[in-house]
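Engineer: Dropping the sequence and predicted coords here.
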Amino acid sequence: MEREKPRTNCAHRSWDLADSLVTPEPYYLRRREFLRVFGLGLAASALLPPAIRAEPADLNDSLNPVFKLDGVKLTPEDLVTSYNNFYEWGLAKDQPKDQANRGWKTRPWSIEIGGLCANPRKIDVDELIQLLGPTERRNYRHRCVEAWSMVIPWDGFPLAKLVDLARPKPEAKYVKFSSFFDPANCPEQRSHDFPWPYTEGLTLPEAMNELAFIAVGLYGKPLRNQNGAPLRLVVPWKYGFKSAKSLAKIEFVAEQPKTLWNQLAPNEYGFYANVNPNVDHPRWSQKSERMIGAGFFSGKQPTLMFNGYEKQVAHLYTGMDLRKNF
Amino acid sequence: MNCFVKILANKLFALAIFVGVGIWLLVIPALIGGLGANPVEKLLHQSGEIAIWTLGAVLALSPLRVLFPRSRVVGALNRHRRVVGVSACVYGLLHFACHVLYEGDLDDLERSLSKPFIWFGAAGLSILIALALTSNNWSIRALGGKNWKLLHRLAYIAAALLMYHQSIAGKGHWQIARWLLFPLAALQIARVTKTLLTKCDRTRSSMAAFRKVATPS
């Protein structure tokens, strides 16, 4: 047997290949198996429901003409999705856009409907949307208690539909909304500055009002995390903090529920929190508001009673002292 | 180290830092449209934030000098107390200008003046203006060192007023104010403790010396 010669004099030819470039034999032999598995996966992904795919599909709903808001300019989408009060993801308004999108999963998501109702359930959010849909679009004014405002095209369904589905018992007088509570994935919720989870509440008649809305989308697309994905409350005649985001639980209760901002500063944030230019926040005026996106030298615009929804909701508060029940 | 201390001690360097902060955080974002959805509010908050941190910086300087009398870095930084203090006032004035712009018209401005957080801000800023106006050598001579020092102790009151102003200006802002309050308070407590201890020490040693002299041999 001839011994291999040392390679010192061996000239490299142009077709010589480095060992590192050669596919090892076992992989070469399994190439068809790879194609089969990969190809099947690719085909299967086309059959998945849209919500599971990476890029969520548009909601394809149409504007409800009752809530068109004639003559009002919508706040540009990039401002609505980059200027958010969502303290779970940072105190500054430009933080949630980044911090809520660092791996926080808002799908799959289950929501619990319970308390004093005949039809309690724990249900996947997409099932719930199927059940209560189709979604509709509504342009709503949004007035923050901090005296700024937007006009936002929400997609979703009336809260009344959800209430009807749950069938509250006669002793249920309020609806309590709780946001997600996930300190493992949400660093802010590990601090004790706020009594997490975020909680809010409405009276049952308020929840049944035609304006009370559950939003699952915005500008025709599923809600972004920073806007309260996968679903949130929208009550346009109240200050923005009433519209709790990323809901995990909706309960029917007999007593007025404790709400987060009301617990922190009861003299500043009332349970009702109706937009009211005549009742100032103890520390700042509520007479006017700065419209987001209106420009550098635009100044402020006057704030409207019940944020302009007086016709639809004023009857809910007849005989009530709005100065006391702020 | 030597070179580093020399740069730190340079007056022009200090001025560049405090003008640079404004250019970096206010002017450049305004020019490239980086102020976000509510640009006037952003300018308002940013300028106020710069002002209060700058004030915090100047208040940290003298306690640091007492605590680390031999540190050359602390010594170099202490040369800039005037520049830092006047910068705090300038950013405070800028902050007030932004507030006028934010309110937009006279009605809204007038309404804002009825609110306590504005009073605290205005009181604090008035003190800063008075201190900036008397920060020149002529004022020190005119007032006399002792009076001047006493007057400029008002900076502590201004800081307290302004921190309160910041913590009540918004929704849940007390979280931000404490990041400045706690370190400053800790520095002051350390400084006062050290001063008292040295005073005690001095009295004790002078008492001992007195006894030695007084004892008949």
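Structural biologist: Everything's here; your move.
Engineer: going forward, measure contacts between C-alpha atoms and count neighbours the same way
Structural biologist: Fine.
Engineer: Test my guess that residue A:212 contacts residue A:203.
Structural biologist: No - in this structure, residue A:212 is not within contact of residue A:203 by C-alpha atoms under 8 Å, at 11.2 Å.
Engineer: Now do the contacts for the residue in chain A that chain B sits nearest to.
Structural biologist: Shortest chain A-to-chain B distance, computed as C-alpha to the nearest C-alpha: residue-wise this is residue A:299, at 3.8 Å. When contacts are counted by C-alpha atoms under 8 Å, 6 or more residues apart in numbering or on different chains, residue A:299 touches A:290, B:101-105.
Engineer: Where do the helices of the chain begin and end?
Structural biologist: This is for chain A. Using DSSP state H, the helices found in chain A span residues A:25-29, A:31-47, A:77-80, A:95-99, A:125-132, A:159-166, A:204-208, A:260-264, A:310-313.
Engineer: The intended chain is chain B.
Structural biologist: Taking DSSP H as the test, the helices found in chain B are B:2-9, B:11-22, B:28-32, B:39-67, B:72-78, B:81-103, B:106-112, B:116-133, B:137-143, B:145-152, B:154-169, B:174-214.
Engineer: separation between residue A:59 and residue A:219?
Structural biologist: Per C-alpha to C-alpha, to the nearest Å, residue A:59 is found 9 Å from residue A:219.
Engineer: what residues are up against the residue lying closest to residue A:118 once chain neighbours are set aside?
Structural biologist: Spatially, and ignoring its direct neighbours in sequence, residue A:118 is nearest to residue A:167 (5.3 Å; C-alpha to C-alpha, 6 or more residues apart in numbering or on different chains). Each residue near residue A:167 by C-alpha under 8 Å, 6+ apart is listed here: A:117-119.
Engineer: Of those residues, keep whichever come out buried.
Structural biologist: Among the contacts of residue A:167, the ones that count as buried by 16 or more other C-alpha atoms under 10 Å in any protein chain shown are residue A:117.
Engineer: Mind checking which of the contacts of residue A:167 land in strands?
Structural biologist: Assignment to strands by DSSP state E places none of those there.
Engineer: Turn the contacts of residue A:167 into CSV, columns for pLDDT.
Structural biologist: What follows is the contacts of residue A:167, written out as CSV (pLDDT from 0 to 100):
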residue, pLDDT
A:117, 97
A:118, 97
A:119, 96
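Engineer: Please work out how many residues are found near residue A:296.
Structural biologist: When neighbours are defined as other C-alpha atoms under 10 Å in any protein chain shown, residue A:296 has 14 of them.
Engineer: check contacts around the nearest residue in space to it that is not next to it in sequence.
Structural biologist: Leaving aside its sequence neighbours, residue A:296 sits nearest to residue B:40 (C-alpha to C-alpha, 6+ apart; 6.2 Å). Residue B:40 makes contact with A:296, B:98, B:101-102, according to C-alpha under 8 Å, 6+ apart.
Engineer: what is in contact with residue A:59 and residue A:219 at once?
Structural biologist: Common contact partners of residue A:59 and residue A:219 (C-alpha under 8 Å, 6+ apart): residue A:155.
Engineer: Point out the residues in chain B that sit beside chain A.
Structural biologist: Applying C-alpha under 8 Å from any C-alpha of the partner chain, we find that chain B lies next to chain A at B:36-40, B:101-105, B:108, B:111-112, B:115-117, B:168-171.
Engineer: what residues are up against residue 89?
Structural biologist: Let's take chain A. A:95-96, A:99-100, A:186, A:188.
Engineer: Hmm, no, I was thinking of chain B.
Structural biologist: By C-alpha under 8 Å, 6+ apart, the contact list for residue B:89 reads B:51, B:125, B:128-129, B:132.
Engineer: Tell me the buried residues in stretch A:166-180?
Structural biologist: Neighbour-count burial for stretch A:166-180 flags A:166-168, A:172-180 (criterion: 16+ other C-alpha under 10 Å).
Engineer: want to throw those residues into CSV with distance to residue B:20 and pLDDT?
Structural biologist: Below are the buried residues of stretch A:166-180 laid out as CSV (distance: C-alpha to C-alpha, whole Å; pLDDT from 0 to 100):
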residue, distance to residue B:20, pLDDT
A:166, 59, 96
A:167, 62, 96
A:168, 61, 97
A:172, 60, 97
A:173, 58, 97
A:174, 54, 97
A:175, 52, 98
A:176, 50, 98
A:177, 47, 98
A:178, 45, 97
A:179, 42, 98
A:180, 42, 97
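Engineer: quick one on the thing from earlier: please indicate which of the contacts of residue A:89 has the highest neighbour count?
Structural biologist: Compared across these, residue A:96 has the highest neighbour count, 25 neighbours, by other C-alpha under 10 Å.
Engineer: can you pull the contacts of the residue nearest the centre of chain B?
Structural biologist: Residue closest to the average C-alpha location in chain B (C-alpha atoms, centre = their mean): residue B:55, at 2.0 Å. By C-alpha under 8 Å, 6+ apart, residue B:55 lies in contact with B:84-85, B:88, B:159.
Engineer: Tell me the buried residues within the contacts of residue A:299.
Structural biologist: Among the contacts of residue A:299, those that count as buried by neighbour count (16+ other C-alpha under 10 Å) are A:290, B:101-104.
Engineer: out of those, who's nearest residue B:182?
Structural biologist: Comparing the buried ones among the contacts of residue A:299 against residue B:182 with C-alpha to C-alpha picks out residue B:102 as the nearest, at 30.3 Å.
Engineer: where does the closest residue to that closest one other than its chain neighbours sit relative to residue A:260, distance-wise?
Structural biologist: With sequence-adjacent residues excluded and distances taken as C-alpha to C-alpha, 6+ apart, residue B:102 is closest to residue B:40, at 5.9 Å. From residue B:40 across to residue A:260, the span is 29 Å (C-alpha to C-alpha).
Engineer: Over to residue B:141?
Structural biologist: Residue B:141 is 56 Å from residue A:260, by C-alpha to C-alpha.
Engineer: again, but for residue A:294
Structural biologist: 31 Å.
Engineer: between these two, who's got more neighbours?
Structural biologist: Here residue A:294 and residue A:260 are set side by side on neighbour count (other C-alpha under 10 Å), and the busier one is residue A:260, at 22 against 15.
Engineer: In this structure that one contacts residue A:193, no?
Structural biologist: No - Residue A:260 is beyond contact range of residue A:193, at 11.2 Å (criterion: C-alpha under 8 Å).
Engineer: burial of residue A:142, as a residue count?
Structural biologist: A count of neighbours around residue A:142, defined by other C-alpha under 10 Å, yields 22.
Engineer: By proximity to chain A, which residue of chain B wins?
Structural biologist: In chain B, the residue found nearest to chain A is residue B:104; the distance is 3.8 Å by C-alpha to the nearest C-alpha.
Engineer: Contact partners for that residue?
Structural biologist: A:297-300.
Engineer: Which residues of the stretch 201-326 of chain A lie near chain B?
Structural biologist: By C-alpha under 8 Å from any C-alpha, the residues of the stretch 201-326 of chain A that approach chain B are A:282-285, A:288, A:292-293, A:296-300.
Engineer: Export those to a markdown table and append columns for pLDDT.
Structural biologist: Shown next, in a markdown table, are those (pLDDT from 0 to 100):
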| residue | pLDDT |
| --- | --- |
| A:282 | 84 |
| A:283 | 82 |
| A:284 | 84 |
| A:285 | 86 |
| A:288 | 92 |
| A:292 | 93 |
| A:293 | 89 |
| A:296 | 78 |
| A:297 | 79 |
| A:298 | 79 |
| A:299 | 78 |
| A:300 | 86 |
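Engineer: how about these in CSV, adding distance to residue A:133?
Structural biologist: As requested, these are arranged in CSV below (distance: C-alpha to C-alpha, whole Å):
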residue, distance to residue A:133
A:282, 41
A:283, 42
A:284, 40
A:285, 40
A:288, 36
A:292, 31
A:293, 32
A:296, 40
A:297, 42
A:298, 39
A:299, 40
A:300, 37
